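**Student:** Below is the sequence, then the predicted model.
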Amino acid sequence: SQQGEEDPQALSIQEGENATMNCSYKTSINNLQWYRQNSGRGLVHLILIRSNEREKHSGRLRVTLDTSKKSSSLLITASRAADTASYFCATREGGTSYGKLTFGQGTILTVHP
Amino acid sequence: DAMVIQNPRYQVTQFGKPVTLSCSQTLNHNVMYWYQQKSSQAPKLLFHYYDKDFNNEADTPDNFQSRRPNTSFCFLDIRSPGLGDAAMYLCATSRVDRANYEQYFGPGTRLTVT
């Protein structure tokens, strides 16, 4: 079953604007991670937030986690054309011993120069 | 730089003709994963190796097999590719004795079945 659901499916903004993507999940988790995928390439890990954390920052990225609502958001501030990519949330369910991740469907972000 | 390498980047095979995709890593990670990603979809885990222990996902077709001869290399074998197996195949690694379990991905191999 699909663990992570993301919205919006696609987001188009102008350079300099902020981009917000949301992710919802169904089961209890150990942590939630966000990955970026440029067209036709592999995924790159962006940021991880543990289940006991509520907010985390890394450069222009801000991630929040609400375990009571089983949801997370990724905010990219002051976006750049180079941020154009697909963004996936991935959850690591509690109890898995090998770090299995279940990915959401992703949000396609387009940043126009 | 430590990395995950996949070869080839693009692979064309014929319907029913066995094909092998390869992955190597210089990170010395103990877990290696194979994902299948179809266009505009999420990566779907096929199987993983935890050291030498092979773990198949319940819904992975028997047509897909894997080998891990040593820590650095892992292979994905598709015994009789069908048109529906055309996809991007992603290899990833992680080190599960670290609390974070973040995964490091290779660039992927795009498989075309003719």
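**Tutor:** Received the coordinates, thanks. Numbers count the residues shown, from 1 in each chain, chains lettered A, B, ... in the order given.

**Student:** and stretch B:83-100, does that touch chain A?
**Tutor:** Yes. Stretch B:83-100 reaches chain A (C-beta under 8 Å from any C-beta of the partner chain) through B:M88, B:L90, B:A92, B:S94, B:V96, B:N100. For every residue, glycine as well, the C-beta is placed using N, CA and C.

**Student:** who in chain A is up against chain B?
**Tutor:** Within chain A, the residues that sit near chain B (C-beta under 8 Å from any C-beta) are A:2, A:4, A:30-31, A:33, A:35, A:40-45, A:48, A:88, A:92, A:97-106.

**Student:** Which strand residues bridge residue 66?
**Tutor:** Picking chain A for this. A:S71 (DSSP bridges).

**Student:** nope, chain B
**Tutor:** Counting by DSSP bridges, B:S66 forms beta bridges with B:L76.

**Student:** burial count for it?
**Tutor:** 21 (other C-beta atoms under 10 Å in any protein chain shown).

**Student:** Show me where chain B has its strands.
**Tutor:** Secondary structure of chain B (DSSP state E): strands at B:4-7, B:10-13, B:19-25, B:31-37, B:44-50, B:53-56, B:64-67, B:73-78, B:87-94, B:104-105, B:109-113.

**Student:** Redo those strands as TSV? Include mean pLDDT.
**Tutor:** Below are those laid out as TSV (pLDDT from 0 to 100):
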stretch	mean pLDDT
strand B:4-7	95
strand B:10-13	96
strand B:19-25	97
strand B:31-37	95
strand B:44-50	93
strand B:53-56	92
strand B:64-67	96
strand B:73-78	97
strand B:87-94	96
strand B:104-105	94
strand B:109-113	97
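
**Student:** any chance of those strands in JSON lines, plus distance to A:T20?
**Tutor:** Below are the strands of chain B laid out as JSON lines (distance: least, C-beta to C-beta, whole Å):
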{"stretch": "strand B:4-7", "distance to A:T20": "30"}
{"stretch": "strand B:10-13", "distance to A:T20": "35"}
{"stretch": "strand B:19-25", "distance to A:T20": "34"}
{"stretch": "strand B:31-37", "distance to A:T20": "24"}
{"stretch": "strand B:44-50", "distance to A:T20": "26"}
{"stretch": "strand B:53-56", "distance to A:T20": "36"}
{"stretch": "strand B:64-67", "distance to A:T20": "37"}
{"stretch": "strand B:73-78", "distance to A:T20": "36"}
{"stretch": "strand B:87-94", "distance to A:T20": "26"}
{"stretch": "strand B:104-105", "distance to A:T20": "24"}
{"stretch": "strand B:109-113", "distance to A:T20": "31"}
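
**Student:** what's the distance between A:G40 and B:K38?
**Tutor:** According to C-beta to C-beta, to the nearest Å, A:G40 stands 13 Å off from B:K38.

**Student:** Now list whatever residues contact both of those two.
**Tutor:** Common neighbours of A:G40 and B:K38, using C-beta atoms under 8 Å, 6 or more residues apart in numbering or on different chains, are B:M88.

**Student:** Check the contact between B:N56 and B:Y49; I expect there is one.
**Tutor:** No. With contact defined as C-beta atoms under 8 Å, B:N56 does not reach B:Y49; the gap is 10.5 Å.
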